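Chemist: Give me a 3D structure for the following:
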Amino acid sequence: MTTNLQLSFRDFPAPALAEKRITERVSRLERIYPRLIGCRVVAEHTQRRQHKGKLYSVRIDLSIPGGELVVNRDQHDKHAHEDFFVAMRDSFDAMENQLRGYAARQRGEVKSHEVPAHGKVSRMFPDYGFIAAPDGEEIYFHANSVVEGSFADIDVGAEVRFVVAEKEGEKGLQASTVRAVGKHHPA
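Modeler: This next block holds a predicted model:
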């Protein structure tokens with residue numbers, strides 16, 4: 001472990017094996033993000049009037065290039081945190097999740113959500129219709145493709161968002177889902 005580690009135990013003596021397990025968890029953090037600068041872990045024994053037992057709180061401050069990540073959870077409603085090692089595990093699990101997200105952003109791995117295509121209903125029939133896409137294509141859709149609303153509520157000229165099915169149907173391109181866009185319909 002190359003990270004500068006600082007441990008503090010407030011209001012209670014350090015449990016046996018606590019330092020060893022914390023050091024192991026910090027080593028796991030280093031494997032996730034090798035450029036850690038420092039880690040400060042503060043464990044407290046807190047007393048809450050509405051509980052019979054004392055609960056442990058574990059705060060983790062992680063120094064990284066250009067910033068700091070912090071996990072500080074007040075777990076007054078979790079009776080499992082009457083055990084120091086459970087409170088420690090939960091805090092380190094939360095820090096690992098935070099650090100993985102930070103590392104992914106540093107690598108440029110950002111989730112992107114594809115925006116569904118947009119068009120206007122050009123023709124309607126009793127149980128199907130066609131959408132005019134901005135590129136001039138006409139996309140078939142069945143009444144069962146309409147989500148978050150009713151097929152009966154869609155009229156010619158209505159704006160819709162749609163997802164084109166992977167395979168073409170008998171009538172050419174086909175929408176697998178269609179959502180009405182407008183005042184009364186979510187986008």
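Chemist: Check which residues of the lengthiest helix in the chain are buried.
Modeler: In terms of residue count, the longest helix belonging to the chain (DSSP state H) is helix 84-106. For helix 84-106, a neighbour-count test (16 or more other CB atoms under 10 Å) marks 84, 86-92, 94-96, 98-99, 102 as buried. For every residue, glycine as well, the C-beta is placed using N, CA and C.
Chemist: ditto for stretch 108-127
Modeler: So, applying 16+ other CB under 10 Å, buried residues of stretch 108-127: 116-117, 119, 121, 124.
Chemist: Can you flag which of those residues belong to strands?
Modeler: Among the buried residues of stretch 108-127, the members falling in strands (DSSP state E) are 117, 119, 121, 124.
Chemist: And the contacts of the longest helix of the chain?
Modeler: Under the criterion CB atoms under 8 Å, 6 or more residues apart in numbering, residues 15, 18, 21-22, 25, 28-29, 32-33, 43, 55-60, 62, 64, 69, 71, 73, 75, 78, 80-81, 110 lie in contact with helix 84-106.
Chemist: Give the ChimeraX command for selecting the buried subset of these.
Modeler: Selecting the buried subset of these in ChimeraX, with 16+ other CB under 10 Å as the burial test, is done by:
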select :18,22,25,29,33,43,55,56,57,58,59,60,62,64,69,71,75,81
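Chemist: out of the contacts of helix 84-106, which are inside helices?
Modeler: With DSSP H as the criterion, helices contain 18, 21-22, 25, 28-29, 32 from among these.
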